[in-house]
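Colleague: here is my input, please return the structure:
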Amino acid sequence: MQSEESGSWADHLKATLRLAWPIVAGNLGQILIGVVDTLMIGRLGVVPLGAASFVNNIFVVPLVTLMGLLVSVTVLVAQAKGAADPRRVGRLLKHGLALALALSTVAIALLLVNASFLDRYGQEAEVVQAAGGYYWLISCSLFPALFYHCLKSGSEGMGWSNPPMLVLFGGIGLNVVLNWILIFGELGAPALGLEGAGWATLVSRIAMAGGMMAFVMRAKRFRPYLPRRWFRNYELGEWKPLLRIGVPTAMQHLFEVGAFGGAGIIVGWLGAEALAAHQVAMSCAALAFMIPLGISIACGIRVGEAFGAGRPQAIRRIYLSGLLFTFFQTLVSASVFLLLGEWIAGFFVENPSVVALAGRIFVVVGLFQIFDGAQVTCLGALRGMSDVNLPVAITFVAYWLLALPSGYGFGFALGFGAPGVWMGLALGLLVAALALMLRLRLILPRS
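Modeller: As a prediction, the model looks like this:
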C-alpha cells in the first residue's frame, strides 16, 4: 500500500470523503430544521415568512459564532483520546458545557434586550409586529442548541458521529410534527401561526439537548470518560486551550454569517416580499453549503495530521483533491439553482411576486457556489496548519468591508434590489476565495 506521502489523489480523496460524510449528514440535519420551518411558515403568507427571515437573520449570528467557538471541543477531545487520557476528555466536556452555558446566557440576555429595538432595523411595521413572540422563543432556544452542539462535538471528537446524528434527525422529526400541530392548529391544538413554529423549535432543541445528554450519561463506552463532578472543580487552565482554538474559528464564522445576516437586514428595507424571497434563497443556499463545509472540516482534520507529521506533499494532495471535489459538487449545485431556482421557490411560497424575485436571487446564488465552496475548503486546510490569524483578517475585509457595502451599492444605488445585495455577497466570496488560495500557495513551500 502507498504511504500517506505518496498516496494517489484518489486515495486522499476517498479518505477525506470517508471522514466527511457523517459530518455532512449532521450539518444537513441542522439546516433541515430551518428549511422545514421555512416550508411550513411559507404556507402562512408573505408577512410571517418575512418575519421569520428577519428573526433568523439576527439569531443566526450568535448561534453560528458560538458553534464555531465550540469546534475546539472536537479538536481537544480527539487529542485527549489519542493521548489515552480519559480524565482530560471528561474535564473538556465539563468545561465546554460551562462555557456554552455562560456564553449562551450572555447572548440570550443581549438578544432579549435587542427585542426592544426591533423597530429600529428599518423593517416594515407589520413584519416587526409579526416577529415579536417568535423572536423571544427562538432567542431562548439558543442555550439548548449550544448544549446539544457541545456534547455533539465531544462525541465526534471521540469518533462517535452516529449517535449525535440520530438524535438530530429525531429532533427534526419532532419539529415537523410540532410545527404541523402548533402552526396550523391540528389535533385540537390552537392555531398559533408563526409563534407555533417558535414553540416547536424551542421544544425540539430542548429534546435534542436532553437526548444527547442521555446518550453521554448512559452509553457504556462513554462511562470511562465522564467527569467525576460536573459542577465543581473548574480550572482556568482547561478553558484557555478551548478559547485559543475556538476564538479564531468563531471570528471567521462571525464575519461570514454576520455578512449574510446583515444582508438580510438590508434586504428587509425593500419590503416584506423581498425579505420572504431572501429567506427562501438563504434556506436553500445554506443547505447546499453544508456539503463543502463538511469537506472543509474533514480536510482540516487530515491536513492537521499531515502537518503534524511534516508531510507537505500529503498536505498539498489532501487539500487539492478536496478542492477539486468541491469544485465539481458546487458546479452541480450551481446548475440546479440557475436552471430550477424559480421552480424551487414555488415549493416554499405561493405568492407569484415572491417566487419570481427568489428566482432572480437564485441566479446569483448559483453563480457564487464555486467561490463559496473554494473559500471554505481553503479555510479548512489553513486551520489544519494552525494558520488562523491572517484568514480571520481576510474574511473580515472580504465580507464586512467589501460584501456588505457593495451589496448596498448594487441593491440601492444601482437599483438591482434584493439580487443586488446578493451580488455584493458573491463579490466578497470571490475575493475571499482568491485571497485564501493565495495564502495556501505562500505557506505550503515553508511547510
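
Colleague: low-confidence stretches in the stretch 201-350 of the chain?
Modeller: 308-309 (pLDDT under 70).

Colleague: past the helix or strand hosting Ala345, which element shows up next along the chain?
Modeller: If you go by DSSP states H and E, Ala345 is part of helix 312-348. Next along the chain after helix 312-348, taking DSSP H and E as the criterion, comes helix 352-384.

Colleague: and that next one with helix 312-348, angle?
Modeller: On the basis of axes from the mean of the first three to the mean of the last three C-alpha atoms, to 10 degrees, helix 352-384 is oriented at 160 degrees to helix 312-348.

Colleague: centre of the chain to helix 352-384, how far?
Modeller: 14 Å (C-alpha atoms, centre = their mean, to the nearest Å).

Colleague: in it, what's buried?
Modeller: Of all the residues in helix 352-384, those buried under the rule 16 or more other C-beta atoms under 10 Å are 354-355, 357-384. To be clear about C-beta, it is placed using only N, CA and C from the backbone, and glycine gets the same treatment.

Colleague: what of stretch 28-47?
Modeller: For stretch 28-47, burial by neighbour count (16+ other C-beta under 10 Å) applies to 28-42, 44-47.

Colleague: so which of those sit within helices?
Modeller: Within the buried residues of stretch 28-47, residues falling in helices by DSSP state H are 28-41, 46-47.

Colleague: what residues does Gly173 make contact with?
Modeller: For Gly173, no contacting residues are found, by C-beta atoms under 8 Å, 6 or more residues apart in numbering.

Colleague: got it, and Cys299?
Modeller: 16, 20, 318-319, 322, 377, 380-381, 384.

Colleague: tell me the one of these nearest Leu236?
Modeller: Closest approach to Leu236 among those (C-beta to C-beta): Gly384, at 27.5 Å.

Colleague: so for the closest one, what's the pLDDT?
Modeller: Gly384 is assigned 77 on the pLDDT scale.

Colleague: who are the contact partners of it?
Modeller: Applying C-beta under 8 Å, 6+ apart to Gly384 gives the contacts 299-307, 315.

Colleague: picking up where we left off before, which of the ones in helices among the buried residues of stretch 28-47 sits closest to Ile295?
Modeller: Among those, and counting by C-beta to C-beta, the member closest to Ile295 is Leu28, at 12.8 Å.

Colleague: distance check, the nearest residue to that closest one once chain neighbours are set aside against Val355.
Modeller: Spatial nearest neighbour of Leu28, excluding adjacent residues (C-beta to C-beta, 6 or more residues apart in numbering): Met290 at 4.9 Å. Distance, Met290 to Val355, by C-beta to C-beta, to the nearest Å: 24 Å.

Colleague: Asp387 now?
Modeller: For Asp387, the distance to Val355 - C-beta to C-beta - is 43 Å.

Colleague: now Gly26
Modeller: 31 Å.

Colleague: how about Gly96?
Modeller: 43 Å.

Colleague: what does Ile394 give?
Modeller: Ile394 is 36 Å from Val355, by C-beta to C-beta.

Colleague: one more: Leu243?
Modeller: 45 Å.

Colleague: what of His253?
Modeller: 31 Å.

Colleague: surely Gly154 is in contact with Val77?
Modeller: Yes - using C-beta atoms under 8 Å, Gly154 is in contact with Val77, at 5.1 Å.

Colleague: compare these two (neighbour count), which wins?
Modeller: A count of neighbours by other C-beta atoms under 10 Å puts Gly154 above the other of Gly154 and Val77, at 28 against 24.

Colleague: quick one, what contacts the more buried one?
Modeller: 73-74, 77, 89, 92-93, 96, 216.

Colleague: 7 Å instead?
Modeller: Each residue near Gly154 by C-beta atoms under 7 Å, 6 or more residues apart in numbering is listed here: 73, 77, 92-93, 96.

Colleague: now render the residues you listed as CSV, adding pLDDT.
Modeller: Formatted as CSV, the contacts of Gly154 follow (pLDDT from 0 to 100):
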residue, pLDDT
Val73, 85
Val77, 79
Leu92, 85
Leu93, 87
Gly96, 90
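
Colleague: narrow those to those in strands?
Modeller: Judged by DSSP state E, strands contain none of those.

Colleague: closest to Arg232 among these?
Modeller: The closest of the contacts of Gly154, once distances to Arg232 are taken by C-beta to C-beta, is Leu93, at 14.2 Å.

Colleague: so the closest one is in contact with Arg228, correct?
Modeller: No - Leu93 is beyond contact range of Arg228, at 11.9 Å (criterion: C-beta atoms under 7 Å).

Colleague: what helix or strand is the residue nearest to Leu28 located in?
Modeller: helix 272-308.

Colleague: measure how buried Asp85 is and give me the count.
Modeller: For Asp85, using other C-beta under 10 Å, the count is 14.

Colleague: same check, this time on Ala433
Modeller: 23.

Colleague: how far out from the middle of the chain is whichever helix or strand it is part of?
Modeller: Using DSSP H and E, Ala433 maps to helix 418-443. What separates the centre of helix 418-443 from the centre of its chain is 18 Å, taken as C-alpha atoms, centre = their mean.
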